[in-house]
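Colleague: Any chance you could fold what I've pasted below:
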Amino acid sequence: MTKHSKGEAGFTLLEVMVVIAIIAILAALLFPTLRNAKEKARRTACAGNLRQINLGLRMYSDDSSDKAPRTPGTTNSPGISWSGYKTLMKSYLGINGRSSPQDKIFACPKDTFYYDVGGRFHYVPQSLHEQPPDYLSYAFNGGNARTNSNAPGIAGCLISSIKNPIKTVLVAEASAFIPYSWHQPKPPTLNGTPMFDNALNVVSFVDGHVSYIKIHYPGTNPPGSLALHYDPPAGYDYKWSGD
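Modeller: Numbers count the residues shown, from 1 in each chain. Presented below is the predicted three-dimensional model:
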């Protein structure tokens, strides 16, 4: 019988440790790449949703004498001006009947929390898309429809009258209007305010294109102001107003 030499024995402890160290280094290099790819895939899915919603809104406007949706908000329910558009145009996306969480085209893959603006910015660890009655992650640029509001927006405007369609927001992630970011979230400030300048959001525009952009927020002056109350200064790639 042939005897195995000492040199043909299994791996030494040192060799095993070296292999483990190499695997750990490769994993450390690979995991951020995989995480970034996953995040990019989610943004891409969100952008795809917004392109289809954008197209549905344009089809609705074509059938409504060129007018953008207008669902007036009230003092008690201001969100209607930003969310009520879904009821008007969802049939153009093949969605009929009552709205539900199953309307996946209206769900951002990164929508996992929101701030209850009516509740002093109370953090809610749930998807905005799960909330009745509209079940959606995306808001329409209709701040001008709210009762007693001087916010810019394009609700009820003629689409053909919008002077800069390449920069004017049509519909975007709801977080853009406040703003905060589902893609790069930050904890609220000490006073509980979730808003911050240059929050990154996926936004679609009147001309049909979709971008991942920074949203300007100059602070609560006057008190209660949100990002949607201001057209941004030069250097930003969007505006709320249609003039």
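
Colleague: So which residues of this protein form strands?
Modeller: Using DSSP state E, the strands of the chain run over 114-116, 122-124, 138-140, 169-173, 199-205, 210-215.

Colleague: Who are the contact partners of the spatially closest residue to Ser161 that is not a sequence neighbour?
Modeller: For Ser161, ignoring the flanking residues on the chain, the nearest one in space by CB to CB, 6 or more residues apart in numbering is Gly242 at 6.9 Å. The C-beta positions use only the backbone N, C-alpha and C, and glycine is treated the same way. Shown here is Gly242, whose contacts under the criterion CB atoms under 8 Å, 6 or more residues apart in numbering are 152-154, 157, 161-164, 168, 206.

Colleague: Which among these count as buried?
Modeller: Judged by neighbour count, with 16 or more other CB atoms under 10 Å as the criterion, the buried members of the contacts of Gly242 are 152-154, 157, 162, 168, 206.

Colleague: so where do the helices sit in this protein?
Modeller: Secondary structure of the chain (DSSP state H): helices located at 13-62, 80-83, 85-89.

Colleague: pLDDT score for the residue nearest to Ser161?
Modeller: In this model, Gly242 is scored at 92, pLDDT.

Colleague: With Gly156 as the reference, measure out to it.
Modeller: Using CB to CB, to the nearest Å, Gly242 is found at 10 Å from Gly156.

Colleague: circling back to that earlier point, would you mind giving the buried ones among the contacts of Gly242 as a markdown table with pLDDT and distance to Ser175 added?
Modeller: Below are these laid out as a markdown table (pLDDT from 0 to 100; distance: CB to CB, whole Å):
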| residue | pLDDT | distance to Ser175 |
| --- | --- | --- |
| Pro152 | 91 | 18 |
| Gly153 | 93 | 17 |
| Ile154 | 94 | 19 |
| Cys157 | 94 | 24 |
| Ile162 | 96 | 23 |
| Thr168 | 97 | 19 |
| Val206 | 97 | 20 |
